[in-house]
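Trainee: Sequence and predicted model, in that order:
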Amino acid sequence: MSSRIKERKDVPAEHRWNLDSLYTSEESWEEGLKELEALIPGISGFKGTLGESAERLKECLDYFNKVELLAERLGYYAMLRKEENVGDSSSIGRMSRYMSVATKSSAEASFMRPEIQSLSDQTIDSYMKDPVLAEFRISLERLIRYKPHILSEKEETLLAMQAESAGTPRKAFSALTNGDMSFGTISVDGEEKDLTNSTFGVFLQHKDREVREKAFKQFYKGFEGHKNTLSELLGGSVLQDIYKARVRNFPSAREASLFPDNVPTDVYDNLVASVSANLEPLHRYYALRKKVLGVDALHIYDTKAPLIGEVKVKHSYEEAVDLVLEAVKPLGEEYGNTLKEGLLGGWVDRYENKGKRSGAFSAGSYKGDPYILLNYKDDDIRDVFTLAHEGGHSMHSWYSVRNNPFQDYNYTIFEAEVASTFNEQLLSRLLMEKSESKEMTLYLLSRQIDDALATIYRQTMFAEYEHICHEKAEKGEALTVDSLRADYRVLLEKYFGPDVVIDEEADLEGLRIPHFYSAFYVYKYATGLSAAMALSERVLSGGDAEREDYMNFLKSGGSRFPLDSLKAAGVDMSRPDAVNSALKRFASLVDQLEKELS
Ligand SMILES: [Zn+2]
């Protein structure tokens, strides 16, 4: 591949995704959009009639599915065409025409949810028993379980009227930290580089300690200067969470947040308890860092410094596909063959081109192939992992589509990251086995350790903090700059342990995490990776039965609540075992790294 970045029009067809499974031409997409527009007015014909009979409700749901299926397909095509070249004006136009039709459609259908939820218990009972509605039973159950939390029409109107202003803390936080605040520049190798929210992490990984320290101090100085505003915003967001939970009859903000996934608070508490009981390997890892870096005191700005040199390996895209396929062999022939055809066929948009969105994603739709956007580079081993990860999402979609009706095929984030990180686990194991150099082994060990650290330990610390803040506010205690910082400092000391110096400004971190504005979400990262680690262990050490359990998890798609589908796959997240086994694996990785470095 030449090193010059190509224009989109010059990318050969075999390196691009083939979107024919959605639309074979732009013209056929336009026809589809007209078809969707023609279907929309028909939705309101069902308004006020859903209580008449099970047949009538089924007619409505069938009609709505037809609309949604078409809309999904149109939307994916428009989105994928836009992401392959974000500046392309015809793609921008297509996307905005789609958005305006989709908005009309959801406005037209907005009566459905509340109308179904307001049906009498008696009607609902008879509908649920009626074979006519059998294939909609799961999706109806999901709607109806909200019933105790739905208010009167008048109250719902009042809530809807303030929904936009209720988002002010989050919007103001984002405007402040991404726009108004500036952090200056950092001089690296004689060059002045901007310090921003997105470059901060890069500076912290710099091998030069002075660069790291300066970036750290300068970055938090910016937050220090806005600490009162930031704590008011975070406090306001917490109060909003509590308000929303109380008006909808939830015992706490946390229970309200866990309700959509039907996750009991025990799962959350077990996670925090298990992680808290297994901090020793984490602290040992920091002690090892201190030794390897040869510093008198390890500061937080040293905890991401590179421990080892870069690994120089090259894998062409095709070689990366071979590695991923070899890694997923334990999942059986159908999985492997399908993935092979997809990755070498038309699923993947492989390389960077001018105007293409950065990073990677997988986007599956019900009536088309599960597409993957990559910016694959053959000298970056991380991209091989990205391929394994996105391939995991794609195969999850592939199985879900084939085993569920449209209304039940979308799985939750809780489940999605299990299917993708599971494949990364398999790839790590394979590359460890194949490794022929010390630097590769060290890289793989570090990678797995840092991954589990960032996803399990760190997200659990965040989860613990969110819980503390909400509990305090629910008891009527004020969240002030000082109390927020003090609580955060206790957690930093707990998680970083005795070998890390917690500098004075370090506890301002609690005021700068965007995820805290979508409270009780990050725990899913920790449970997801724990489940993936436990499941990969189970499949690798098990036989056909264990593999089948995992395949059934992929096939269940969105037809069960996440804990139920994971339980069927072989991990019970309501018990501490999965998290404990993931942490045991973390400890053994630290053991191996200690040995390799000694
Ligand atoms: Zn993912």
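Mentor: Yep, that arrived. All figures in this text were calculated on a predicted structure; none of them were measured in a lab.

Trainee: all strands of this protein, in order?
Mentor: Taking DSSP state E, the strands of the chain run over residues 185-188, 191-194, 298-299, 348-349, 361-363, 371-373, 500-501.

Trainee: okay if I get those strands as JSON lines plus mean neighbour count?
Mentor: All C-beta spots, glycine's among them, are computed from the backbone N, C-alpha and C. Listed next are the strands of the chain as JSON lines, based on neighbours: other C-beta atoms under 10 Å:
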{"stretch": "strand 185-188", "mean neighbour count": "16"}
{"stretch": "strand 191-194", "mean neighbour count": "11"}
{"stretch": "strand 298-299", "mean neighbour count": "20"}
{"stretch": "strand 348-349", "mean neighbour count": "26"}
{"stretch": "strand 361-363", "mean neighbour count": "19"}
{"stretch": "strand 371-373", "mean neighbour count": "24"}
{"stretch": "strand 500-501", "mean neighbour count": "18"}
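
Trainee: which one of the ones you listed lies closest to Phe561?
Mentor: strand 361-363 (22.6 Å; C-beta to C-beta).

Trainee: Return the list of strands paired to that closest one, each annotated with direction.
Mentor: Its sheet considered, strand 361-363 pairs with strand 371-373 (antiparallel) by DSSP bridges.

Trainee: picking that back up, and the strands of the chain as TSV, adding distance to Phe223?
Mentor: Shown next, in TSV, are those (distance: least, C-beta to C-beta, whole Å):
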stretch	distance to Phe223
strand 185-188	16
strand 191-194	17
strand 298-299	17
strand 348-349	38
strand 361-363	30
strand 371-373	34
strand 500-501	19
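
Trainee: what sits against Tyr495?
Mentor: Contacts for Tyr495 (C-beta atoms under 8 Å, 6 or more residues apart in numbering) come out as Leu279, Leu282, Tyr457, Arg458, Met461.

Trainee: Can you tell me how far the last one is from Thr455?
Mentor: What that stands for is Met461. 12 Å (C-beta to C-beta, to the nearest Å).

Trainee: hang on, the earlier thing: just the contacts of Tyr495: which are in helices?
Mentor: Within the contacts of Tyr495, residues falling in helices by DSSP state H are Leu282, Arg458, Met461.

Trainee: Out of those residues, which is nearest to Pro41?
Mentor: Arg458 (49.9 Å).

Trainee: pLDDT value on that closest one, please?
Mentor: Arg458 is assigned a pLDDT of 97 by the prediction.

Trainee: what number of residues lie near it?
Mentor: If you count neighbours by other C-beta atoms under 10 Å, Arg458 ends up with 17.

Trainee: got it, and the one 4 residues further on?
Mentor: Counted with other C-beta under 10 Å, residues neighbouring Phe462 total 21.

Trainee: correct me, but it touches Ser518?
Mentor: No. Between Phe462 and Ser518 there is no contact under C-beta atoms under 8 Å: 11.4 Å.

Trainee: shared neighbours of these two, anything?
Mentor: Here Phe462 and Ser518 have no joint contacts, going by C-beta under 8 Å, 6+ apart.

Trainee: any low-confidence regions in the stretch 301-450 of the chain?
Mentor: Within the stretch 301-450 of the chain, no stretch falls below the threshold (pLDDT under 70).

Trainee: cutoff 90 now
Mentor: 306-312, 364-365, 413-414 (pLDDT under 90).

Trainee: Can you list the residue ranges for helices in it?
Mentor: Remark: helices assigned in the stretch 301-450 of the chain by DSSP state H, counting those that start in this stretch are 317-327, 333-344, 382-403, 413-434, 438-452.

Trainee: just the stretch 151-300 of the chain next, same as before
Mentor: Assigned by DSSP H, counting those that start in this stretch, the helices in the stretch 151-300 of the chain fall at 153-166, 168-175, 200-204, 209-224, 227-247, 253-258, 265-277, 280-293.

Trainee: Just name the most buried of the ones you listed.
Mentor: The highest mean neighbour count among the helices of the stretch 151-300 of the chain, using mean count of other C-beta atoms under 10 Å, belongs to helix 253-258: a mean of 21.

Trainee: elements contacting that helix?
Mentor: Counting contacts by 3 or more C-beta pairs under 8 Å, 6 or more residues apart in numbering; DSSP states H and E, helix 253-258 packs against helix 227-247, helix 265-277, helix 458-474.

Trainee: let's go with 6 Å and repeat that
Mentor: When contacts are defined as 3 or more C-beta pairs under 6 Å, 6 or more residues apart in numbering; DSSP states H and E, helix 253-258 sits against helix 227-247.

Trainee: separation between the residue nearest to the spatial centre of the chain and Tyr335?
Mentor: Closest to where the C-alpha atoms of the chain average out (C-alpha atoms, centre = their mean) is Ile413, at 5.7 Å. From Ile413 across to Tyr335, the span is 22 Å (C-beta to C-beta).

Trainee: Which of the helices of the stretch 151-300 of the chain has the lowest mean pLDDT?
Mentor: For the helices of the stretch 151-300 of the chain, where the average pLDDT is lowest is helix 153-166, sitting at a mean of 88.

Trainee: what's in contact with that one?
Mentor: Gln240 (C-beta atoms under 6 Å, 6 or more residues apart in numbering).

Trainee: What would it look like as CSV? C-alpha coordinates only.
Mentor: Output in CSV follows, covering the C-alpha atoms of helix 153-166 (Å, rounded to 0.1, in the frame of the first residue of the first chain):
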residue,chain,number,x,y,z
GLU,A,153,-51.0,12.1,31.0
LYS,A,154,-50.9,15.6,32.6
GLU,A,155,-47.8,14.8,34.6
GLU,A,156,-46.1,13.2,31.7
THR,A,157,-46.7,16.3,29.7
LEU,A,158,-45.1,18.4,32.4
LEU,A,159,-42.1,16.1,32.5
ALA,A,160,-41.7,16.2,28.8
MET,A,161,-41.9,20.0,28.8
GLN,A,162,-38.8,20.3,31.1
ALA,A,163,-36.8,17.4,29.5
GLU,A,164,-34.7,19.8,27.4
SER,A,165,-33.8,22.2,30.2
ALA,A,166,-33.1,19.2,32.5
